[in-house]
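Novice: build me a model:
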Amino acid sequence: MNPSTQPSPSDNPAPSNGSLEEQVAALLELLKSTQETAPISQARSRHGSREARVKAQANDPILKALDDEIEKGDKAELPTWEEVEMLSEEKIDKENTRHLKKYEDFWGESTGSPEEIKATEDAYRQAFERFPEIYRSIGWSKNDDIIFNAENLSAHRELLIEAIFAIEHYRMKYLGGAVGVSDKEQSRACFEYSRLPRLLTILVRLENRRNDCRECRKGECVDWRLFDAETILKVLIQAGRTFQRVNLADGLNQTSLEDLLKRCYARRILSRDDLKEHNHLQYQFHLIYDCMDALDFSSRFREIRDPLTYTFYLRYKSQPIHEIFEMVHSLNNVLDGIERFPPFPLGESSEPSFASAQFNLEYLQDFGGLRIEWTNSLEDHLKIFTGPREDIIRIFAHPTYLYSCQDFNRSERDFFQPTYVELAATYALLFQPTSRRNSRELKTLLMTVKDKHSMLDPNPTKSPFKEILEENFFSRCSLPPAIQSSLNISDPSSAITNISAMNQNKSTSTPMREILSMAPFFPEDIRFMMQSVFEHDLSRPDLPFLRFQYFSPRLRLLKTYLDSRQPQTLREMWMDRRDARAWWTFWGWAFFMLMTGLTMSTFCVAVIALLAYRA
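Specialist: Residues are numbered from 1 along each chain as shown. Have a look, this model is predicted:
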């Protein structure tokens, strides 16, 4: 290159301090503008979401039926249906006897030991006698005219258990070995003992629904509680047998509300002769829908019945029940501003894996600031909700509900795997030990089980199981309120408290370790949670989200929540080990400064003492 053409230093001067300051100022201005436009873009996103929600509301079948009924007033006519063949009382009794015999034959001689049978009988007798107390503990309405009592519940106990829960044992027996899980409940007594909390939860739901049958129209209040306890329980039995008809291949129930209503007509449970006006038919549909809804623990049971009108029932009475539930679920998604404690607004983490140690209860509580709340809805499991004073993470309290071997993620894979297998892995994440000693003990147990190709049956009253479970499960969890109230553990009427008015989620001050007082008769829901810790190896430093196909979105949201947290206290700073280098740097310097301070203090004291001695 010609030297004459080379630029001189004066042509490209080094940046002066002034130009650097201008560049920094420009960069800060750009950053500020970006921060200011972010809320605007978020607001536009929310606005767009709001517009989509309004459009969805306009097309919602439930809301459209409600609008049409309001416009028409009370002029709806009763439908004309074909005659239903009425079964004789003898045929009805034979049908019930056949169902009970199938249930009894399936258990065969596995009825249970005398101690197990006695424990089960005592639990049911006491719970039915205490039902008003249980209703006030875990219910959310304040009525005193409770319709269920020990007499009518005891009279229908066997049919209720068979109709609602038999499918769980049938499918676990046939499919348990096929999916790598042994038959967990070996006797009929233990099986029925463990279903008591869920049965009482169902009954509490229906008792609360009765209070929705009081309507005020045109200045007059009418009590539409038309059905006695026997009618409600018989409809619940028919609903339970219908609920068992879920197709194992697709998880769908093709029975319609009309089909179930006609079953109740044929068995003389409900009567067409009682249909004097359209409100009578509407409340027959209400009762059928409420029973089906009360049996469902996969989605949230609403404190107030969804606005299903007479017009809606007539339009969609022939639709499969699963489509009715989908319509209701869609309605709840488009309604805005209803939730008292809404889900925390978060985005899913895009990282491929996570550190399993960050998802145990110790970390979630001490660093994440989350309070544990038990839920009866699988839909809410692992979701974070905004509470009045603190944020809440909910944990599903009824894993045996999934013993019907439902696969909620069947559309995402080509093999069958019941959702309870993945649910157990989430319990293992939450309740895993945190100390090195117990972590080593757990790893040794897992290796032993793996080598023997067997399953572990942990005894929570003996070492090392007790110490492993004590760290997070026994010490950091409260008892699920439904289990505590149903089994009458540690004075539930005073320990269980309301979180807020008209809220079915409850809190209790009773720690989980109180369940040890029930040994050896632990309900299967609790045994399932304990056993999950000893069935899943989470020792890898990072776990892929792909391992959790069904719960992966919730775990990603949870990771986003934890990643966005900034430590506010020394305890949270100690727990925050997301950046190992920063953690060791901070606490290394803290330890160094502490030791330096102690050394200097000791040296000063020694010098002062020496000077005093010489003086």
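
Novice: contacts, neighbours, all on C-alpha from now
Specialist: Fine.

Novice: now do the same contact list for residue 365.
Specialist: Residues near residue 365 by CA atoms under 8 Å, 6 or more residues apart in numbering: 371-372.

Novice: so for the helix or strand containing it, mean pLDDT?
Specialist: Using DSSP states H and E, residue 365 falls within helix 361-366. Confidence for helix 361-366, expressed as mean pLDDT, is 89.

Novice: kindly report the same for stretch 98-112.
Specialist: 93.

Novice: isn't residue 371 up against residue 395?
Specialist: No. With contact defined as CA atoms under 8 Å, residue 371 does not count as touching residue 395 (10.6 Å).

Novice: the two: who's more crowded?
Specialist: Under the neighbour definition other CA atoms under 10 Å, residue 371 and residue 395 were set side by side, and residue 395 has more, 23 against 20.

Novice: in its sheet, what does whichever strand or helix holds that one sit against?
Specialist: Following DSSP H and E, one finds residue 395 within strand 391-396. When pairing is defined by DSSP bridges, strand 391-396 lines up against strand 370-375 (parallel), strand 384-386 (antiparallel).

Novice: and it, how far out from the chain's middle?
Specialist: 8 Å (CA atoms, centre = their mean, to the nearest Å).

Novice: just stretch 186-199 next, same as before
Specialist: Distance, centroid of stretch 186-199 to centroid of chain: 20 Å (CA atoms, centre = their mean).

Novice: report the buried residues of that stretch.
Specialist: 187-199 (16 or more other CA atoms under 10 Å).

Novice: now the strands for the chain?
Specialist: 214-217, 220-223, 353-354, 370-375, 384-386, 391-396, 496-498, 506-508, 543-544 (DSSP state E).

Novice: out of those strands, which gets nearest to residue 438?
Specialist: Among the strands of the chain, strand 543-544 comes nearest to residue 438, with 20.0 Å by CA to CA.

Novice: what sits up against the closest one?
Specialist: Strand 543-544 is contacted from outside by 352-356, using CA under 8 Å, 6+ apart.

Novice: out of those, which end up buried?
Specialist: 353-354, 356.

Novice: send me stretch 99-116 as CSV with only the CA atoms.
Specialist: The C-alpha trace of stretch 99-116 is given here as CSV (Å, rounded to 0.1, in the frame of the first residue of the first chain):
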residue,chain,number,x,y,z
HIS,A,99,-72.6,-55.8,40.4
LEU,A,100,-71.8,-56.5,44.0
LYS,A,101,-71.1,-60.2,43.3
LYS,A,102,-68.7,-59.3,40.5
TYR,A,103,-66.9,-56.9,42.9
GLU,A,104,-66.8,-59.6,45.7
ASP,A,105,-65.7,-62.4,43.3
PHE,A,106,-62.9,-60.2,42.0
TRP,A,107,-61.4,-59.9,45.5
GLY,A,108,-62.0,-63.6,46.2
GLU,A,109,-60.4,-64.5,49.5
SER,A,110,-58.4,-61.3,49.7
THR,A,111,-60.9,-59.7,52.1
GLY,A,112,-58.2,-58.6,54.6
SER,A,113,-57.0,-59.6,58.1
PRO,A,114,-59.4,-59.3,61.0
GLU,A,115,-57.5,-56.1,62.1
GLU,A,116,-57.8,-54.6,58.7
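
Novice: which other residues reach the strand holding residue 395?
Specialist: For strand 391-396, contacts defined as CA under 8 Å, 6+ apart pick out 369-378, 380-386.

Novice: any idea how far the residue lying closest to residue 54 once chain neighbours are set aside lies from residue 431?
Specialist: Among residues not flanking residue 54 along the chain, residue 334 sits closest, at 7.6 Å (CA to CA, 6 or more residues apart in numbering). Noted for residue 334: a distance of 35 Å to residue 431, by CA to CA, to the nearest Å.

Novice: what is the nearest of the buried ones among the contacts of strand 543-544 to residue 564?
Specialist: Distance to residue 564, by CA to CA, is smallest for residue 354 among the buried ones among the contacts of strand 543-544, at 14.4 Å.

Novice: what's the spacing between that closest one and residue 309?
Specialist: 46 Å.

Novice: also residue 121?
Specialist: 41 Å.

Novice: do the same with residue 89
Specialist: Residue 89 is 33 Å from residue 309, by CA to CA.

Novice: re the thing from before, need the buried residues of stretch 186-199 in a markdown table with pLDDT and distance to residue 463, can you?
Specialist: Output for the buried residues of stretch 186-199, formatted as a markdown table (pLDDT from 0 to 100; distance: CA to CA, whole Å):
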| residue | pLDDT | distance to residue 463 |
| --- | --- | --- |
| 187 | 92 | 26 |
| 188 | 94 | 29 |
| 189 | 95 | 27 |
| 190 | 94 | 24 |
| 191 | 95 | 26 |
| 192 | 96 | 29 |
| 193 | 97 | 26 |
| 194 | 96 | 25 |
| 195 | 97 | 28 |
| 196 | 98 | 29 |
| 197 | 98 | 29 |
| 198 | 98 | 31 |
| 199 | 98 | 33 |
